[in-house]
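> any chance you can model this:
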Amino acid sequence: MLELLPTKGKLLIADPSLNDQAFGRSVILLTEHNENGSVGFILNKPLGFSLQDLLPEVNFDSEVYNGGPVEQDSLYFVHKVPELIPDSVEISNGIYWGGDFNIVKELINSGKISSDSIKFFLGYSGWSAKQLLNELKEDSWLISKQAGDKSLFMLKAKTLWKNQMNSLGGKYKLWANAPFDPSLN
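You can find the predicted model right below:
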């Protein structure tokens with residue numbers, strides 16, 4: 001029986017046993033979960049380039065993250081400034097998904113939006129109906145007891161999974177410092 005159910009705004013944490021190139025040691029913000037499926041964005045897998053590298057017309061040095069393996073040629077964003085970005089959809093606790101991207105570009109170029117207010121992702125993580133529930137039953141994922149909030153924009157990608165493991169306590173604290181592939185230790 002699942003201790004916590006996945007809901008919009010929760011963080012999915014890859015179980016230490018999940019040995020998957022795309023999702024190993026991932027922390028994912030669930031932006032949608034319903035009977036049709038689930039959608040989320042990986043918060044801790046930077047791609048090593050900025051938004052300006054993708055869109056030279058945008059004067060923004062903010063890092064772009066790998067949101068997941070689905071539609072990796074599409075750009076997505078989450079933010080905490082719905083008053084500035086029309087057509088945003090609330091995820092939870094002051095975090096929003098999407099909105100009018102033309103306005104986002106104008107806000108960026110005019111300096112009215114900063115990198116601590118918005119995160120960009122190439123691709124997303126998606127699950128069909130009941131797929132995520134099955135993966136949770138197989139212990140591929142853990143669900144954080146805390147819902148995502150505005151503080152997500154301040155978290156360091158490099159230590160996010162480790163910090164989530166430590167916050168879970170117990171046996172998970174042991175995994176926090178373990179190498180990704182223990183056979184290489």
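> contacts only, for the residue lying closest to Ala157 once chain neighbours are set aside.
Nearest residue to Ala157 in three dimensions, chain neighbours excluded: Asn44, at 4.2 Å (CB to CB, 6 or more residues apart in numbering). C-beta: built from backbone N, CA, C; applies to glycine. Shown in contact with Asn44 (CB atoms under 8 Å, 6 or more residues apart in numbering): 25-27, 65, 157-158, 160-161.
> those residues in helices, which ones?
Using DSSP state H, the subset of the contacts of Asn44 located in helices is 157-158, 160-161.
> possible to save the contacts of Asn44 as CSV with distance to Asn93?
CSV is the format used below for the contacts of Asn44 (distance: CB to CB, whole Å):
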residue, distance to Asn93
Arg25, 24
Ser26, 21
Val27, 16
Tyr65, 20
Ala157, 20
Lys158, 24
Leu160, 17
Trp161, 21
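> just the closest of those residues to Lys173, please.
Of all the contacts of Asn44, Trp161 has the smallest distance to Lys173: 12.8 Å, by CB to CB.
> ok, the closest one - contacts?
So Trp161 contacts 13-14, 25-27, 44 (CB under 8 Å, 6+ apart).
> pLDDT on stretch 83-96, on average?
Mean pLDDT, stretch 83-96: 94.
> picking up where we left off before, how about the contacts of Asn44 in TSV, adding pLDDT and distance to Ser140?
Below are those laid out as TSV (pLDDT from 0 to 100; distance: CB to CB, whole Å):
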residue	pLDDT	distance to Ser140
Arg25	95	12
Ser26	96	10
Val27	96	14
Tyr65	97	21
Ala157	90	21
Lys158	91	22
Leu160	93	18
Trp161	94	14
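> quick check on the residue nearest to Ala157: phi, psi?
Backbone dihedrals for Asn44, given as degrees, to the nearest 10, come out at phi -130, psi 30.
> for it, give its distance to Ser88.
Note on Asn44: its distance to Ser88, by CB to CB, to the nearest Å, is 23 Å.
> before we move on, what about Phe121?
Taken as CB to CB, the span from Phe121 to Ser88 is 15 Å.
> neighbour count: the two, which is higher?
Phe121 (24 against 21; other CB atoms under 10 Å).
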